[in-house]
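Peer 1: Next input, structure requested:
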Amino acid sequence: MNVQETGVATLASEIFGSLTFTGDAMRRHLPSDVYDKLQQTVRLGQPVDASIAPLVASAMKAWALEHGATHYTHWFQPLTGHTAEKHDAFLSPSDGGAVEQFSADQLIQGEPDASSFPSGGIRETFEARGYTAWDATSPAFIFKTPDSATLCIPTAFVSWTGEALDKKTPLLRSIEAVSKQALRILRVFGTDAGVSHVKTTIGSEQEYFLIDRRFFERREDLRLCGRTLFGAAAPKGHQLEDHYFGAIAERVMAFMTETERRLFELGVPAKTRHNEVAPSQYELAPVFEDANVATDHQMITMQILRTVAEHHGFVCLLHEKPFAGINGSGKHNNWSLATDTGVNLLDPREETHTNMQFLVFLMAVVRAVDLHGDLLRASIASPGNDHRLGANEAPPAIMSVYLGEMLSDILAQLAQGGPHSTKKGGQLHLGAHTLPHLPRHSGDRNRTSPFAFTGNKFEFRAVGSSDSIAWPNTVLNTIAAESLDYMATELERRSGKKPTPAKLEAVVKALLKEVVKQHRRVVFDGDNYRAEWHKEAERRGLPNLPTTPDAIPRLGTKAAQALFDKYAVLNPRELEARVEVSFERYNRTLGIEARTLASMLKREVLPAGLRFQTELGAAVSASEGVGVPCPDVKAQLRHVVAGLAQLRQAIAAVEAAERHAAGDAAEQSKHVRDKLVPAMAAARAVSDELEQFIPDDLWPLPRYSEMLFVK
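Peer 2: Here you go, the predicted structure:
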């Protein structure tokens, strides 16, 4: 329940979706036949009927005006990783007056400038034309501020030549690719009756930090880079593990409550809220939705988190590693497959060893991760995620699959010829008569695995907290489509037309045995943090791509181009553009961070150190002037003088590395990784050491102990 300004409690269900053009809003404003045709697109994935566009546009306008909207916008997701919008007024002059107009053409297509967005060479600066195209499968919504309301229409964004310049278009293509191949497998098993398409579904958790705005305003690194570029660790971090799932502070709860209300109005099914591991870190998680809608809702969630934080005097930090030395943030991408009739294809059911269809889908995903783990790793590569992957908060950069005891046992049975039993979880007896007996799952969970099966879905834990989930899911869908294609082709070829149940079972078991033997190397149920696993993974031949410059080139190979092209997700030019944009993002992000770091050290840390040096020098002079020796103060003075000399040298090294030019974007990224990043780390280490000695009245910046613990 939510308490509005009137003090009256309102059920969340009463406001859910009230600012989205779905359900009752559509039924009230659309003729029934038009509503039915639109639902064919929304629910069944059928092409939108262009003949209904005028009526939809008129209805959408009427609904938006009811909510006080004065403008509309095509809301899209360019390759910046953020959303973009250009607002147009409904108002149109007419016969000396004005009326509100919104036509079918304005609904279906927009024309924003395509030259100023990242394009990886698809568009040159002088080539400005780009198009936005209405995505009828994702609901339009009203975005409100205290002074305005705008109708937002989710759209794809393409160039004048028709090539994808956004993250939505390839995601939609990849969803279709998965559906096409998954349907073939259902037809083999004869379970496709009434099924029109197979959906990928996503539930994406979002981790974030909240800090008081007054601290944010005093730190240029947070304002420009979203993370602290230096800062000595506080005496306390999350060693006591007392923040995780702890009582939520009242001010934070007020923020969460408003955030959830805004999300509910926009149809985002926010479900879970809690304190995360690090101090001042939190998590929000929704329930599962169709992948395309879930992706749009994830972008809305990040925007609402940042917007509402301002109302409560906070700033929401979505960076993967805003504070060194404590837990960073990610978004666990829970991914599954379901028919449009509501059947979860990754549900193992009770007697899993007899569920041959489930095992085919399961092993298709395992095979995909084994064959294309490098592409999966590249899909979540970013400068922010480089700080996080492999630390004791996120999985390593080695892509492996956790299946758990029950499924791993079935794989072992398959490798021997055929499964014959399913391990049961049993019940937990808690030792007190007043406590209930709890049903225990047949397998544990593994928080160190990058790609873990968690009951009826896979959890891709390595996605960065600031990134759109569109690209990781595009890659995941594409590699899954390839593997489903392989499994379907083999089953069709080996079983023939109308096989008997006995023959089909024999064919399935034989295929599963082969796939298990070929691809079980990617399955690992142990501790992914241990150094022994890294050695074992190397022995198994699994790629280890620890940094963005290591990972991104894997997307540019001929094999990757052929894969994305075969399933009509991205043509070679579109994929090459994304490789180029990724390199540019890496280089430019680190360049901004390096310049910010050098500037702050020169303007703030170095002067503070010099003032402290002056104070120490005066203390030494005063003591010795009256004949009182002060060897400890003199030693401290020498330490500070040496530290400031090291800081000057470190700043010069950062500036020299940042100015270096080294060929194309790929070559430049290697220089950034090998020279600039270590120079920045060295400068930080010197500054953090000095921070330990400089008094509070001289230190110009909020310290970690303030930012993380003052709420």
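Peer 1: What about the residue lying closest to residue 130 once chain neighbours are set aside, how many residues nearby?
Peer 2: The shortest distance from residue 130 to any non-neighbouring residue, by Cβ to Cβ, 6 or more residues apart in numbering, is to residue 114 (2.6 Å). Where you see a C-beta, it was placed from the backbone N, CA and C, and this is true even at glycine. Residues contacting residue 114 under the criterion other Cβ atoms under 10 Å number 21.
Peer 1: pretty sure residue 114 is touching residue 166, no?
Peer 2: No. Contact criterion Cβ atoms under 8 Å: residue 114 and residue 166 do not qualify, at 10.1 Å.
Peer 1: shared neighbours of these two, anything?
Peer 2: residue 157 (Cβ atoms under 8 Å, 6 or more residues apart in numbering).
Peer 1: ok now do residue 167, which residues does it touch?
Peer 2: So residue 167 contacts 77, 78, 79, 81, 295, 468, 470, 471, 474 (Cβ under 8 Å, 6+ apart).
Peer 1: What is the lowest-pLDDT residue among those?
Peer 2: Among these, residue 81 carries the lowest pLDDT, at 91.
Peer 1: helix/strand/coil for it?
Peer 2: Assigned by DSSP: H, G, I helix; E, B strand; the rest coil, the conformation of residue 81 is coil.
Peer 1: Look up the closest residue to it, ignoring the ones flanking it.
Peer 2: Nearest non-adjacent residue to residue 81 (Cβ to Cβ, 6+ apart): residue 468, at 5.4 Å.
Peer 1: how about the one you found, what does it touch?
Peer 2: 77, 81, 82, 167, 295, 298, 299.
Peer 1: Filter those down to just the ones in helices.
Peer 2: 295, 298, 299 (DSSP state H).
Peer 1: List the contacts of the nearest residue to the last one once chain neighbours are set aside.
Peer 2: When you say that, I think you mean residue 299. Spatial nearest neighbour of residue 299, chain neighbours left out: residue 83 (5.2 Å); criterion: Cβ to Cβ, 6+ apart. With contact taken as Cβ under 8 Å, 6+ apart, residue 83 is in contact with 75, 76, 77, 299, 303.
Peer 1: Against residue 565, how distant is residue 83?
Peer 2: 28 Å (Cβ to Cβ, to the nearest Å).
Peer 1: same deal with residue 174?
Peer 2: For residue 174, the distance to residue 565 equals 13 Å [Cβ to Cβ].
Peer 1: same deal with residue 611?
Peer 2: 61 Å.
Peer 1: what about this protein, any weak spots by pLDDT?
Peer 2: Low-confidence segments of the chain, defined by pLDDT under 70: 1-9, 124-128, 352-354, 390-393, 420, 424-446.
Peer 1: need the next SSE after the strand of greatest length in it, C-terminal direction.
Peer 2: Looking across the chain with DSSP state E, the single longest strand is strand 148-159. Next helix or strand after strand 148-159 toward the C-terminus (DSSP states H and E): helix 168-189.
Peer 1: downstream neighbour of that following helix in the secondary structure list?
Peer 2: strand 198-204.
Peer 1: how far is the helix or strand following that next one from where the chain is centred?
Peer 2: Following strand 198-204 in sequence order, the next helix or strand is strand 206-212 (DSSP H and E). With Cα atoms, centre = their mean, to the nearest Å as the basis, strand 206-212 stands 15 Å off its chain's centre.
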